[in-house]
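K.L.:
prediction below, plus the sequence it came from.
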Amino acid sequence: AQSVTQLGSHVSVSEGALVLLRCNYSSSVPPYLFWYVQYPNQGLQLLLKYTTGATLVKGINGFEAEFKKSETSFHLTKPSAHMSDAAEYFCAVRKSSGDKLTFGTGTRLAVRP
Amino acid sequence: GAGVSQTPSNKVTEKGKYVELRCDPISGHTALYWYRQSLGQGPEFLIYFQGTGAADDSGLPNDRFFAVRPEGSVSTLKIQRTERGDSAVYLCASSLRPGTSDEQYFGPGTRLTVT
């Protein structure tokens, strides 16, 4: 079975500050890892994904994440927060041989002016 | 191009009633998924279709929940004898090639409220 833990249900940063959203996973087989963003009253949008290869992956809107197998982590970062980054962020894991996503409980990011 | 669409966007129903939620996937996408998102939680997997058949229905909570995809495109999630605990946002997603790293594209969801 797979699971995802997102530490911090709410994170608040100042505009221009570093964004760090934490994600740890457990998986019995090599995982695919994803970060999704959800704006109010909208569907989930893929920010980035790790499947194989380079462990540092870059996504849309300046976000990136690093797959660290030894730490079973896939933390999301952005060097400088914008007001438009305020949203809910979900980390998800999927078996490389499977199809269904297992999501964390989400982190709501607030950006202070 | 058109994304995944879901109708209705909101549905309010009384406890004990039957509801149907519809999902139109992206044209040509073989795989279709249903997830349920309760307040303050991440989406939880319900069922996954490859073409017309349910490849994995392990997430359906009980036999009141059923889903179909008769022609391999549009899917309908059916809930019988609704309960207040069924209140949630029901999300649909589709992907082009199942069993690959292809992205799942999500619709905006149907917010179901059972009174």
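P.N.:
It's in. Numbering: from 1, shown residues only, chains lettered A, B, ... in the order given.
K.L.:
centre-most residue in chain B?
P.N.:
residue B:34 (3.2 Å; C-alpha atoms, centre = their mean).
K.L.:
chain neighbours aside, what residue packs nearest to that one?
P.N.:
Distances taken as C-beta to C-beta, 6 or more residues apart in numbering or on different chains place residue B:46 nearest to residue B:34, at 4.2 Å, with adjacent residues excluded. Heads up, the C-betas are built off the backbone N, CA and C, glycines and all.
K.L.:
again with residue A:112
P.N.:
Ranked by C-beta to C-beta, 6+ apart and with sequence neighbours excluded, the top spatial neighbour of residue A:112 is residue A:14, at 4.9 Å.
K.L.:
I'd say the one you found and residue A:111 touch.
P.N.:
Yes - counting by C-beta atoms under 8 Å, residue A:14 does reach residue A:111; the two are 7.4 Å apart.
K.L.:
those two: which has the busier surroundings?
P.N.:
Using other C-beta atoms under 10 Å in any protein chain shown as the criterion, residue A:14 and residue A:111 rank with residue A:111 on top: 19 against 10.
K.L.:
so that one bridges to which residues?
P.N.:
Beta bridges link residue A:111 to residue A:13, judged by DSSP bridges.
K.L.:
repeat that for residue A:92.
P.N.:
With DSSP bridges as the rule, residue A:92 is bridged to residue A:34, residue A:103.
K.L.:
now do the same contact list for it.
P.N.:
A:4, A:33-36, A:101-104, B:42 (C-beta atoms under 8 Å, 6 or more residues apart in numbering or on different chains).
K.L.:
most neighbours among the residues you listed, which one is it?
P.N.:
residue A:34 (28 neighbours).
K.L.:
surely that one and residue A:89 touch.
P.N.:
No - the criterion here is C-beta under 8 Å, and residue A:34 misses it with residue A:89 at 10.9 Å.
K.L.:
need the overlap of contacts for those two.
P.N.:
residue A:47.
K.L.:
neighbours of residue 54, how many?
P.N.:
Picked chain A for this. Neighbours around residue A:54, by other C-beta under 10 Å: 9.
K.L.:
to clarify, I was referring to chain B.
P.N.:
Residue B:54, neighbours per other C-beta under 10 Å, totals 18.
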